[in-house]
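**Q** I need the structure of the sequence given here:
(chains A, B, C and D)
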There are 4 protein chains.
Amino acid sequence: MGMVGGGKDAFIGAIHRIAANMDGLIELSCGALSINPEIAVDSGKSLFLPEDRIYLTYDEMITKESKLSSDRRIDFITIVTPNFAHFAPAVMALDNGFNIVIEKPITFTLDEAKQLKKKVEETGLILCLTHTYSGYPLVKQAKAMVAGGAFGKIRKVWVEYPQGWLSKLTEREGNAQAAWRTDPKRSGKSGCMGDIGTHAAHLAEYITGLKITHLCADLNIMVEGRALDDDGNVLLKFDNGAAGVLMASQVAAGEENAISIRVYGEKGGLEWHQHEPNTLLVKWLDQPAQILRAGGNYGDHLSSFATQNCRTPGGHPEGYLEAFGNIYRNFALTLSSKLSGSKPTKEMLDFPSVEDGMRGMAFIDNVVASSKSDKKWTEHAL
Amino acid sequence: MGMVGGGKDAFIGAIHRIAANMDGLIELSCGALSINPEIAVDSGKSLFLPEDRIYLTYDEMITKESKLSSDRRIDFITIVTPNFAHFAPAVMALDNGFNIVIEKPITFTLDEAKQLKKKVEETGLILCLTHTYSGYPLVKQAKAMVAGGAFGKIRKVWVEYPQGWLSKLTEREGNAQAAWRTDPKRSGKSGCMGDIGTHAAHLAEYITGLKITHLCADLNIMVEGRALDDDGNVLLKFDNGAAGVLMASQVAAGEENAISIRVYGEKGGLEWHQHEPNTLLVKWLDQPAQILRAGGNYGDHLSSFATQNCRTPGGHPEGYLEAFGNIYRNFALTLSSKLSGSKPTKEMLDFPSVEDGMRGMAFIDNVVASSKSDKKWTEHAL
Amino acid sequence: MGMVGGGKDAFIGAIHRIAANMDGLIELSCGALSINPEIAVDSGKSLFLPEDRIYLTYDEMITKESKLSSDRRIDFITIVTPNFAHFAPAVMALDNGFNIVIEKPITFTLDEAKQLKKKVEETGLILCLTHTYSGYPLVKQAKAMVAGGAFGKIRKVWVEYPQGWLSKLTEREGNAQAAWRTDPKRSGKSGCMGDIGTHAAHLAEYITGLKITHLCADLNIMVEGRALDDDGNVLLKFDNGAAGVLMASQVAAGEENAISIRVYGEKGGLEWHQHEPNTLLVKWLDQPAQILRAGGNYGDHLSSFATQNCRTPGGHPEGYLEAFGNIYRNFALTLSSKLSGSKPTKEMLDFPSVEDGMRGMAFIDNVVASSKSDKKWTEHAL
Amino acid sequence: MGMVGGGKDAFIGAIHRIAANMDGLIELSCGALSINPEIAVDSGKSLFLPEDRIYLTYDEMITKESKLSSDRRIDFITIVTPNFAHFAPAVMALDNGFNIVIEKPITFTLDEAKQLKKKVEETGLILCLTHTYSGYPLVKQAKAMVAGGAFGKIRKVWVEYPQGWLSKLTEREGNAQAAWRTDPKRSGKSGCMGDIGTHAAHLAEYITGLKITHLCADLNIMVEGRALDDDGNVLLKFDNGAAGVLMASQVAAGEENAISIRVYGEKGGLEWHQHEPNTLLVKWLDQPAQILRAGGNYGDHLSSFATQNCRTPGGHPEGYLEAFGNIYRNFALTLSSKLSGSKPTKEMLDFPSVEDGMRGMAFIDNVVASSKSDKKWTEHAL
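**A** This is a model prediction of the structure:
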């Protein structure tokens, strides 16, 4: 693995490294870790990278790595730069035969996402998008139960992602994270919806297997002086007729990172909270609710999609880093299978793709358009 | 107290009697308990009413009771008939000098509610509307904290009322409750929103002290063959600029009666769930969240509005019946004060009024209108 | 009903009145509400008792009431005086043909309890002891499930009752409740164990249907200057070989009234917390845990002992007062049946008896003896 | 790092590797991964170890590694064999200048533990014992709060560790984990208390900073045919006079791995559950309870011991593997400091030591002795 971005002043780069490192399947071999040369070098050294594989630009990295012998050269590149700087290294990586892992949102614009999708299809390479929350075992369990018809037809989806960390004008108080995430030049046309609303939309579609077809958005800037939305509520329509609500906020003062979802069908429903990710509450119309637990002992109640994404037995809580690690692991196992000529299992293939990335970019476009519109419903077109 | 409706085949009448009876302040003295004479008589007897005060119609009851001497005659009449049969007895009661307690929604139409409001103002009598959920001590605490500015300006309101009991076409399976609540002739123009959405809207306005000014509704009939909405999601705008979402559903399979609310302001937020009504979660931007408890020991942390509505010390859970009892008790204390010429305290006066009833009827009208409209926002006009 | 004790300066008397009053089956007709004549009269008036039935002593009350005609005279007497003043009025009531309800602990000494038991057997009258916590619907459900063999043989019982209100020397700060409960002359030989440990022991035996045979107690006075135990931990042995722990504390600072219990058998276990009394967590060895809910919709999953002790459908929380009310209601229904010559159902008969009271007194004796002993195990003999 | 034990048929070895690997500070360089040569080789290969550093015995590994140049040779050895096979490799490692990490219980007997302690003192090397639960950030926060006097003098400690996985005679059903853990020859003189009771005892002493001085144990074999205790309840006395209870069970059917603790002092208390490890409930006598959260935003409320053991911001749940990783990281940082001649911080030094291991072994001895004794209290002597 080579990494673009993620120097020591960054948050998400470190997370990617822990996640990639978790299962002993992936080794960080090189990096262009910062646009600041000093940080790039320092960061590389502190990660014990060999000096000749600490690069100053992604261009240099991709160029030089592609010339290494196949036993030395990296298999894939991870891109963890801010949103606006995803596209160029991604294209160059694919053009040079490298598979990629990319932080979400996949690109800066929907158009770039479409180009990337085309490029992926042309090259036959693998692109993995780190929508972390779909990496949790019990999120996969939820998906498997819905897909298996446990709840009958889905009628209602209720997904929310409240955070409170932008309740003040933090971007003016020297918080670098806040600064780029609220800056249209670096984040894109949406703040809250682009940053976390896309996670919520992905989670809803991932679990239900449904597609959002229409949305009605009310985006807000709650903190005066901010340039992008920091809060929003969105009504949803799904392709099977289900109704939904998506709430995302970065001004829900006192909330941490509380993405959660509830789904109701004809026969029952489910509830999952990222803050307690090892519990899936399953509710039934005619029976007591059940508490499903990650790694649970009870034989065949959990889907293979859940059990194969647990590292420990029930009662040993796994969390965000493990969910992130599952994305990397499944990607790595798929890549290994491909490289060794075997067929990856369906469980290995279960990681977010360029398609999901494109839907995310369209979601940003459409939710912003809807918010500006007087019409109730805006089509969620790609 | 005299009761109109609430015979032994009814649900809510029994609840009203327990609630009224709870504090030894109110005595059931007479009733016209059913339009079915046999049920009316049987019910009266089983409640130990004197035979001469078991009436067959509200008309008979009001007429005869108003002729009794003031020491025998009832002080107020409770109306617990289905929605369509609230208005006529209410008007007659007021016309004959009786105060009234009335189950929500206050009337069948907004116009009736307006007439009732006028009548209340003319007569100077008291009308109490049983929006039960505002009777919980910690709901009152929440209101007091918002009013006291604990959270700064309110930015976001998130209120939900999921039930699952209408997930099937229960009204065709001999469920009398389901039958009248899904019947436009007896319930009015809305099912779910009229029955429980109004509770959610009231709770949001009660706690925040804000008024909804605009709404954008998506009402659904999820169970084929049903005549009225059984599900809905509504975006809200409040008069201070806050944004909100109201969700109400009777097809959230597996849910019981899970009304809950979250409110966020500049400095923190609060969260309350009716299923665990003695806990109020208070969240802060810069400090750990706090768990406020009904009847809590910690001196002056609870508002007088909360403490005066508790009957037991902390750790002795009070519930729905006690919340209902609080509505009755505050009404009774206000009435006693008035009758004895003293001034009721602000805590006594804290029960829902005809004004709240009128707003509820307008909410039904506007939410139904919005749902039919292609426009995003509909004004919440009275 | 006539009441001995429970004047307006008392806590538990008011609770008894609300509980007795809840279902419209019982009417307070007379009282000797305080040993202080002024309080007795004032309290009687404020409860709207007729003046000629406000008595100054229980002796006067029992004497005069027993001379009333059977249609006027009360059916039973409730005794809510401090522990040391239970026995005398109880004996006199029974001697004069009155059934009794009595607050726990039943008497001041085990010997008195034994005498009372004999008296009850001789007179054939009914004695009901208000061990409130066994009145909760889901406690009854727990008992029914254990009795039905759902969990197989019970192996482990874990009951606890932490309170924090005596964490300081509150009895010296003018707290009347604290004063009598920590005073050997009024409370008896144990403080914490007598006051709340007996509840825990009763709950454990009630739910499991087992009897404690041996105990090993460590009682403590944690607050310097206190005369009676304010904390204790007790190992238990049950008659089927199960092992257990009972913890009771009044110095668990920050706790309210958090009685809870866990029971484990061969196939699963259960968990119940009084703070959230409408939920019973049921755990299984080979399946996901289930959440049983009071008044739950799911047909036949709840025992008749649970459903007949609910007043509202699922999702309308009932609490402490309703549990207390269930004790009174079942007693009243049993008494009515008896008076009318019919046979009470097994659900009606499900209220604590003089037998339970005697076991409670023995528990106090034995736990105090064990605490003083160097031997590990003390027999729980009656 | 070199590893002794932990081949691919083992559970805890894999956990150690993930934990060690998590922060990029430690690299697995060699191993003697199984006493079965084939498994040893296979396991080494699947972990990408160089072939010349895959050893067949610990003896071979220590001998050969100690001859490598200092830049190649490993800094420490991790011992993850079953209990009976800890001592010999530990001694040999220390004798050859290797620091060690060792799975608990530290040895097979208390005497071995004492010898090991002496050896550590003589060599000046570092021994780290993986009592995982003390690696959680909020366990460290709890310790820091108690140490800082937040709760005043501690009065009561309530620690429990219920599991259900041995509810049947699983050791006879081909479960290898169950087989060695219930076998006196491999596990030692206690089953449940040795395996998990020691964790609970360590957690209690770690958080409170107190030492257990006396104990009164009731150990049980609940499943017929088992050779060692599978359940136990223990009364505790601490060196400041506090009272406690320790419960550990492997037959609490339906429980996973639910170690939790409650501690009460004069002014308040705390509650922590491993199943929800990122939440620490803090209770106060005079104020509402607070919810402390790992990685919480609220500036200076968390101790440096907590914050330095978090990898992610609040709301990104970390779990068991991260807690385990903290043990390794703190050990590695301490080792690095020492090797580089600098002084480790107090936060780095916060990992379990040989002293803790010796106390654990004494706990096993004393708890077994107490269980056999008729005397109530057994001294917890080393």
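**Q** Give the residue spans of the stretch 151-300 of chain A that score low on pLDDT.
**A** Counting by pLDDT under 70, the stretch 151-300 of chain A contains low-confidence ranges at A:297-299.
**Q** where along it do the helices fall?
**A** A:176-181, A:184-187, A:192, A:198-208 (DSSP state H, counting those that start in this stretch).
**Q** for these, which one ends up most surrounded?
**A** Mean neighbours per residue, mean count of other CB atoms under 10 Å in any protein chain shown, is largest over the helices of the stretch 151-300 of chain A for helix A:192, with a mean of 29. All C-beta spots, glycine's among them, are computed from the backbone N, C-alpha and C.
**Q** Centre of the chain to that one, how far?
**A** Distance of helix A:192 from the chain centroid (CA atoms, centre = their mean, to the nearest Å) equals 15 Å.
**Q** Wondering if that helix reaches chain D at all.
**A** No - Helix A:192 does not reach chain D (CB under 8 Å from any CB of the partner chain); its nearest approach is 15.3 Å.
**Q** Report all helices and strands that that helix contacts.
**A** Of the remaining helices and strands, none touches helix A:192 by 3 or more CB pairs under 8 Å, 6 or more residues apart in numbering or on different chains; DSSP states H and E.
**Q** ok, residues contacting that helix?
**A** For helix A:192, the external contacting residues (CB atoms under 8 Å, 6 or more residues apart in numbering or on different chains) are A:166, A:219, A:228, A:229, A:230, A:231, A:232, A:248, A:249, A:250.
**Q** make it 10 Å
**A** A:161, A:163, A:166, A:181-182, A:198, A:219-222, A:226, A:228-232, A:248-251, A:367 (CB atoms under 10 Å, 6 or more residues apart in numbering or on different chains).
**Q** What pLDDT is listed against the closest residue in space to residue A:177 that isn't next to it in sequence?
**A** Take residue A:177 and drop its neighbours on the chain: the residue closest to it by CB to CB, 6 or more residues apart in numbering or on different chains is residue A:11, 6.1 Å away. On pLDDT, residue A:11 comes in at 81.
**Q** Run a quick neighbour tally on the residue in the stretch 1-150 of chain A that chain C sits nearest to.
**A** The nearest approach of the stretch 1-150 of chain A to chain C comes at residue A:141, 10.8 Å away (CB to the nearest CB). By other CB atoms under 10 Å in any protein chain shown, the residues close to residue A:141 number 27.
**Q** Same question for residue A:110.
**A** Burial of residue A:110 is recorded as 22 neighbouring residues (other CB under 10 Å).
**Q** what does residue A:340 give?
**A** 7.
**Q** any idea of the pLDDT on it?
**A** Looking at residue A:340, its pLDDT stands at 94.
**Q** and stretch A:6-15, how far out from the chain's middle?
**A** Relative to the centre of its chain, stretch A:6-15 is centred 16 Å away, using CA atoms, centre = their mean.
**Q** again with stretch A:276-295
**A** Computed by CA atoms, centre = their mean, the separation of stretch A:276-295 from the middle of its chain amounts to 24 Å.
**Q** quick one: buried residues of it?
**A** A:276-285, A:287-295 (16 or more other CB atoms under 10 Å in any protein chain shown).
**Q** go on, stretch A:105-119?
**A** A:105, A:106, A:107, A:108, A:109, A:110, A:112, A:113, A:114, A:116, A:117, A:119.
**Q** ok, and the closest non-adjacent residue to the fifth one?
**A** Nearest-residue entry for residue A:109: residue A:361, 6.7 Å, with adjacent residues in sequence omitted and distances by CB to CB, 6+ apart.
**Q** That neighbour and chain D: what is the separation?
**A** From residue A:361 over to chain D the distance is 24 Å, taken as CB to the nearest CB, to the nearest Å.
**Q** now swap in residue A:82 and tell me
**A** Counting by CB to the nearest CB - residue A:82 and chain D are separated by 18 Å.
**Q** How confident was the prediction at that residue?
**A** 88.
**Q** For it, list the residues it contacts.
**A** Neighbouring residues of residue A:82 by CB under 10 Å, 6+ apart: A:5, A:10, A:12, A:103, A:108, A:180, A:181, A:183, A:185, A:186, A:187, A:188.
**Q** Can you read off the backbone torsions of it?
**A** Main-chain dihedrals, residue A:82, degrees, to the nearest 10: phi -60, psi 160.
**Q** where does chain A come near chain C, residue by residue?
**A** Residues of chain A found near chain C (CB under 10 Å from any CB of the partner chain) are A:279-293, A:296-302.
**Q** The buried residues of stretch A:105-119 in helices, which ones?
**A** Mapping the buried residues of stretch A:105-119 onto helices (DSSP state H) picks out A:110, A:112, A:113, A:114, A:116, A:117, A:119.
**Q** hmm, back to that, as a markdown table, the contacts of residue A:82 with distance to chain B would be great.
**A** Shown next, in a markdown table, are those (distance: CB to the nearest CB, whole Å):
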| residue | distance to chain B |
| --- | --- |
| A:5 | 30 |
| A:10 | 25 |
| A:12 | 23 |
| A:103 | 27 |
| A:108 | 27 |
| A:180 | 22 |
| A:181 | 18 |
| A:183 | 22 |
| A:185 | 26 |
| A:186 | 25 |
| A:187 | 21 |
| A:188 | 22 |
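**Q** of all those, which comes closest to residue B:203?
**A** Within the contacts of residue A:82, proximity to residue B:203 (CB to CB) peaks at residue A:181, which comes in at 33.5 Å.
**Q** which residues does the residue most central in space within chain A contact?
**A** Nearest residue to the geometric centre of chain A (CA atoms, centre = their mean): residue A:131, 1.4 Å. Each residue near residue A:131 by CB under 10 Å, 6+ apart is listed here: A:103-106, A:198-199, A:201-203, A:206, A:327, A:351-353, A:356-357, A:360.
**Q** again with residue A:184
**A** Neighbour list for residue A:184: A:84, A:190, A:191, A:194, A:227, A:228 [criterion: CB under 10 Å, 6+ apart].
**Q** Next to chain B in this structure, residues from the stretch 51-200 of chain A, please.
**A** A:151, A:152, A:153, A:155, A:156, A:158, A:160, A:162, A:164, A:165, A:167, A:168.
**Q** From the residues you listed, list just the buried residues.
**A** Buried by 16+ other CB under 10 Å: A:151, A:155, A:156, A:158, A:160, A:162, A:164, A:165, A:167, A:168, out of those.
**Q** Which one of the residues you listed is nearest to chain C?
**A** Nearest member of those to chain C, counting by CB to the nearest CB, is residue A:151, at 15.4 Å.
**Q** Quick check: the closest residue to the closest one other than its chain neighbours vs chain C, distance?
**A** Of all residues not flanking residue A:151 in the chain, residue A:265 sits nearest, at 3.0 Å (CB to CB, 6+ apart). Noted for residue A:265: a distance of 16 Å to chain C, by CB to the nearest CB.
**Q** who does residue A:265 bridge with?
**A** Note on residue A:265: beta-bridge partners residue A:154, judged by DSSP bridges.
**Q** isn't it right next to residue A:238, touching?
**A** No - in this structure residue A:265 lies outside contact range of residue A:238 using CB atoms under 10 Å: 11.9 Å.
**Q** of the two, who's got more company?
**A** Higher neighbour count among residue A:265 and residue A:238: residue A:265, with 26 against 22, using other CB under 10 Å.
**Q** and the more buried one, what does it touch?
**A** Contact analysis of residue A:265 by CB under 10 Å, 6+ apart lists A:145-146, A:149-157, A:208, A:242, A:285, B:167, B:251-254.
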